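In: generate coordinates for the sequence data below:
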Amino acid sequence: MITSILRRVGLSEGEVRIYVALIDLGSVKLSIIQEKTGIERRNIYDILNKLIEKGLVSYTEENKKKSFQVTDPKKLISYLEEKKAHLQGIQEEVAKQLPILLEKFKSNKPTIRAEVFRGIEGIKAVWEDILNYPEMRWIGSGRYLPKKYPNFFIPWNKRRIENKVWWFNLMRQEIRSEIKHPLSLEKIRYLPEEFSGNPAVIGIYGNKVAQFLFGEYLFAFVIESKELADNYKRYHRYLWDKVAKP
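Out: Below you'll find the predicted structure:
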């Protein structure tokens with residue numbers, strides 16, 4: 001049933017086989033994926049890169065070896081929303097299968113999880129995940145994504161407000177003149193000029209710390225660790241109370 005839905009979503013046969021394998025296996029190296037799927041090694045990387053670009057798969061790298069895993073299966077819903085005109089009705093079927101996917105996803109989830117996301121679809125996958133948490137704390141925000149991708153941000157921000165997701169935004173000093181007023185459910189303070197530089201931003205939500213690069217290449221590195229997230233929240237609180245200005 002799941003494979004049939006994934007095909008109707010628009011995934012290729014190879015993408016379906018690898019996605020389903022990763023749902024069953026969790027975070028694994030390429031050799032295990034090859035053993036599970038029977039797909040030739042030279043083709044697996046191409047298929048994985050397509051899934052990564054769609055925001056459906058991410059990878060971690062340790063000791064120069066990559067491990068691949070699916071992103072939160074809820075990304076299938078947002079992926080469908082972008083293709084709604086061509087895939088009406090499939091979203092409801094994915095939603096019905098979502099509990100099964102989530103159960104397998106959670107059963108294979110490590111205590112400390114790290115994921116790499118590339119391109120705009122990868123960034124969108126992280127931002128969709130943000131909507132599952134009551135607040136987001138930013139360090140070094142420059143309104144990069146809202147300015148560069150307004151067609152994505154405007155409806156996304158509407159859903160953020162509907163979900164009552166608060167933003168506590170430590171923004172870069174150089175964009176103070178651009179900000180006429182905060183967004184709904186947003187509080188803003190401005191960091192000193194010393195914090196300005198490359199378009200790199202840190203976001204803390206739930207037990208996750210996301211490092212974004214909004215330069216020529218879009219990139220996000222997300223670590224899920226309660227200890228790390230707690231430390232970054234303390235760092236954010238110190239900057240908010242002692243360093244940043246209204």
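
In: can you give me the distance of the most centrally placed residue in the chain to S27?
Out: The chain has V126 as the residue nearest its centroid, 1.4 Å off, counting by CA atoms, centre = their mean. Distance, V126 to S27, using CB to CB, to the nearest Å: 17 Å. The way it works is simple: take the backbone N, C-alpha and C, and place the C-beta from them, glycine included.

In: how about the residue nearest to the centre of the chain, nearest residue that isn't a chain neighbour?
Out: Nearest non-adjacent residue to V126, counting by CB to CB, 6 or more residues apart in numbering: A220, 5.0 Å away.

In: just L131 next, same as before
Out: Spatially, and ignoring its direct neighbours in sequence, L131 is nearest to N163 (5.4 Å; CB to CB, 6+ apart).

In: one step back: show me what contacts the residue nearest to the centre of the chain?
Out: V126 makes contact with F117, A210, F212, A220, V222, according to CB atoms under 8 Å, 6 or more residues apart in numbering.

In: what about it, which helix or strand?
Out: In this structure, V126 sits in helix 119-130 according to DSSP states H and E.

In: buried sites along that helix?
Out: Buried residues in helix 119-130, counting neighbours by 16 or more other CB atoms under 10 Å, are found at G119, E121, G122, I123, K124, A125, V126, W127, E128, D129, I130.

In: now it: average pLDDT?
Out: For helix 119-130, the mean per-residue pLDDT is 93.

In: over to stretch 164-182?
Out: 93.

In: what segments of this structure are strands?
Out: Per DSSP state E, the chain carries strands over the ranges 28-29, 57-62, 65-70, 113-118, 135-141, 166-171, 186-190, 200-205, 208-214, 218-224.

In: looking at those, which is closest to I100?
Out: strand 65-70 (13.0 Å; CB to CB).

In: helices and strands around that closest one, which ones?
Out: Where contact means 3 or more CB pairs under 8 Å, 6 or more residues apart in numbering; DSSP states H and E, strand 65-70 is packed against helix 13-25, strand 28-29, helix 30-37, strand 57-62.

In: that one vs helix 30-37, what angle?
Out: 40 degrees (axes from the mean of the first three to the mean of the last three CA atoms, to 10 degrees).

In: quick one: buried residues of strand 65-70?
Out: Buried residues in strand 65-70, counted by 16+ other CB under 10 Å: S67, F68, Q69, V70.

In: tell me the contacts of D129?
Out: Going by CB under 8 Å, 6+ apart, D129 touches T71, D72, K74, Y205, K208, V222.

In: and the residues you listed, which is the shakiest by pLDDT?
Out: When those are compared by pLDDT, K74 scores lowest at 80.

In: report how many residues lie close to that residue.
Out: 19 (other CB atoms under 10 Å).

In: now the protein, which segments are flagged as low pLDDT?
Out: Along the chain, the model assigns pLDDT under 70 to residues 1, 81-91, 106, 108-111.
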